[in-house]
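Q: no FASTA, just this:
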Ligand code: ADP
């Protein structure tokens, strides 16, 4: 405990004069040091931006957004595809930056710009179709006298707040669809990995695009200022922070969408191709050191193939090479993003072991930076944190189950519901099981593929999220307010039949017509009800 109170009886001193250097340091904006978690080296610094800085940026975005909206999806496509070219031309530099602030292997760092490029192309090219007015069929013959239109008008400023696991791809997931929708975007990347997002902003500036995209750097307070100023908030991160974001958005009555934590189960059935399952689950659990929201975090294996699967999975995980890459690819697994992550992973392993679990490989720090060895755990159960809490690290706890029913029951025994995988030789069985799982996505005999299918929605159930990203047209429409417009199809009269003053026969006619159009069978012409209505209105 620190005690800043003067000791009783101590003489009061005149406050010491501040030196010019001290005064300058106080006025200078606070700075965040960005480190490579694999080596500890400082790789950059960014300012900790204040609430005023954020408000000023948003005011600037608001000035330019109307023109961005006005050029329409095809005008925006030109700029978005220029950015796509820039991403391709600058891939190696971007990967260097991603690698420097995450300690990822080279291959993983190259995935960020490749993924961003793919997504950008999809929404740049398709936005015109997705944002075109809809003219839905009227629900009733009575409504056929109007042309019905649903128009999509972007929220002027979308705030995007992102975590550190994919420092370029994570922003791309939501920034690009929002820009394609015609919104201006303010992005607040994680304070742990802000440099890759700044690369994206550099690209936007270098292609000379309209200033409708800005990055603000800082920690929670900067993120809170984004929420204070944006018209829509898209957040990806932990469930605990997501809850705070939801509360802050509710205070301002601004809409939001949250992609949060997960504890994705994998179910390996006795009829599965065990070799494929063991390779796929090793990849699904260890890719990016398990720091993927949809990584495999727990495995349920049907008894007949349990021993074979565990042996093969352990061999695959043991074979992974761990270290810090340069520009050449030498490793599959690197460091964890920060020390906090390593502490969580170690705790989950230690608590499991203390409760009787066995470590088949890994189980400890890798000996450099924040890195933790890829770990396989068995003899685990649902009383252990490694099975119930999100680990977000390189651990694969494996449980034996008697049958499919037990696998489904345990897979669903979680507060989370982001995604899941099912491994089986029978695709129909896989689909049937998928529909029983409480998860926003299920991949059969594969991992992560839903994330590479932008035509599908990506959203979590339960504590894993609110709303979804992508899903084809919904991916841009979510950043728009929907406007319903009705236009007369027939020549209009001085007055509609039902306008004031009320006349009973007209009302009865209206009620009868609505009933006839909407109800079934004899109730369509329910005379007693009509007569009662007549009585009540006398
Ligand atoms: P983690 O703890 O795993 O780093 P978080 O979910 O806390 O992840 O953070 C994800 C993002 O949310 C980061 O960009 C972080 O700065 C931001 N953030 C954290 N707290 C708040 C908050 N109260 N309001 C807005 N943004 C926040």
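A: Received the coordinates, thanks. Values in this document were obtained by computation on a predicted structure and should not be read as measured data.
Q: Leaving out the residues flanking it, which one is nearest to residue 262?
A: Distances taken as Cβ to Cβ, 6 or more residues apart in numbering place residue 418 nearest to residue 262, at 3.2 Å, with adjacent residues excluded. No exception for glycine: its C-beta is placed from N, CA and C like everyone else's.
Q: right, and that neighbour touches residue 258 too?
A: No: using Cβ atoms under 8 Å as the test, residue 418 is too far from residue 258 to be in contact (11.4 Å).
Q: which residues are common contacts for these two?
A: residue 465 (Cβ atoms under 8 Å, 6 or more residues apart in numbering).
Q: By proximity to the ligand, which residue of the stretch 401-538 of the chain wins?
A: Relative to the ligand, the nearest point of the stretch 401-538 of the chain is residue 465 (12.3 Å; Cβ to the nearest ligand atom).
Q: Look up phi and psi at the residue of the stretch 351-500 of the chain found nearest the ligand.
A: In the stretch 351-500 of the chain, the residue that lies nearest the ligand is residue 392 (7.4 Å; Cβ to the nearest ligand atom). Backbone torsions for residue 392, taken as degrees, to the nearest 10, come to phi 60, psi 40.
Q: burial of residue 196, as a residue count?
A: 31 (other Cβ atoms under 10 Å).
Q: I meant to write residue 130 there.
A: 19.
Q: same question, residue 65
A: 23.
Q: Residue 185 is in contact with that one, correct?
A: No: at 9.4 Å, residue 65 does not count as touching residue 185 under the criterion of Cβ under 8 Å.
Q: So for the two, which residues contact both of them?
A: Joint contacts of residue 65 and residue 185 (Cβ under 8 Å, 6+ apart) are 157, 212.
Q: you'd agree residue 257 is in a strand?
A: Yes: according to DSSP: H, G, I helix; E, B strand; the rest coil, residue 257 belongs to a strand.
Q: Contacts only, for the residue lying closest to it once chain neighbours are set aside.
A: Excluding the flanking residues, the one nearest residue 257 by Cβ to Cβ, 6+ apart is residue 467, at 3.4 Å. By Cβ under 8 Å, 6+ apart, the contact set of residue 467 is 256-258, 459, 478.
Q: Kindly reformat those residues as CSV and extend each row with neighbour count and distance to residue 373.
A: As requested, the contacts of residue 467 are exported to CSV (neighbours: other Cβ atoms under 10 Å; distance: Cβ to Cβ, whole Å):
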residue, neighbour count, distance to residue 373
256, 21, 38
257, 21, 36
258, 25, 32
459, 22, 33
478, 24, 40
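Q: My read is that the residue of the stretch 351-500 of the chain closest to the ligand contacts residue 341, right?
A: Yes: at 6.3 Å, residue 392 and residue 341 qualify as touching, with contact defined as Cβ under 8 Å.
Q: Need the residues touching each of the two.
A: residue 291.
Q: So for those two, which sits in the more crowded spot?
A: residue 392 (26 against 23).
Q: Can you name the residues that contact the residue nearest to the more buried one when sequence neighbours are not counted?
A: Once flanking residues are discounted, residue 392 sits nearest to residue 291: 5.4 Å by Cβ to Cβ, 6+ apart. Neighbouring residues of residue 291 by Cβ under 8 Å, 6+ apart: 165, 336-337, 341, 392-393.
Q: Which single one of those residues is nearest to residue 268?
A: For the contacts of residue 291, the residue nearest residue 268 by Cβ to Cβ is residue 393; the value is 21.2 Å.
Q: In the stretch 51-200 of the chain, mark out all the helices, start to finish.
A: 51-70, 72-89, 91-102, 106-131, 169-181, 195-206 (DSSP state H, counting those that start in this stretch).
Q: Serialize those helices to a markdown table and add fields for mean pLDDT and distance to the ligand.
A: Output for the helices of the stretch 51-200 of the chain, formatted as a markdown table (pLDDT from 0 to 100; distance: least, Cβ to the nearest ligand atom, whole Å):
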| stretch | mean pLDDT | distance to the ligand |
| --- | --- | --- |
| helix 51-70 | 98 | 11 |
| helix 72-89 | 98 | 22 |
| helix 91-102 | 98 | 13 |
| helix 106-131 | 97 | 16 |
| helix 169-181 | 98 | 9 |
| helix 195-206 | 98 | 10 |
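Q: Nearest to residue 30 among the ones you listed would be which one?
A: For these, the distance to residue 30 is smallest for helix 51-70, at 11.3 Å, taking Cβ to Cβ.
Q: Just give me how far that closest one sits from the chain centre.
A: For helix 51-70, the separation from the chain centroid amounts to 24 Å (computed by Cα atoms, centre = their mean, to the nearest Å).
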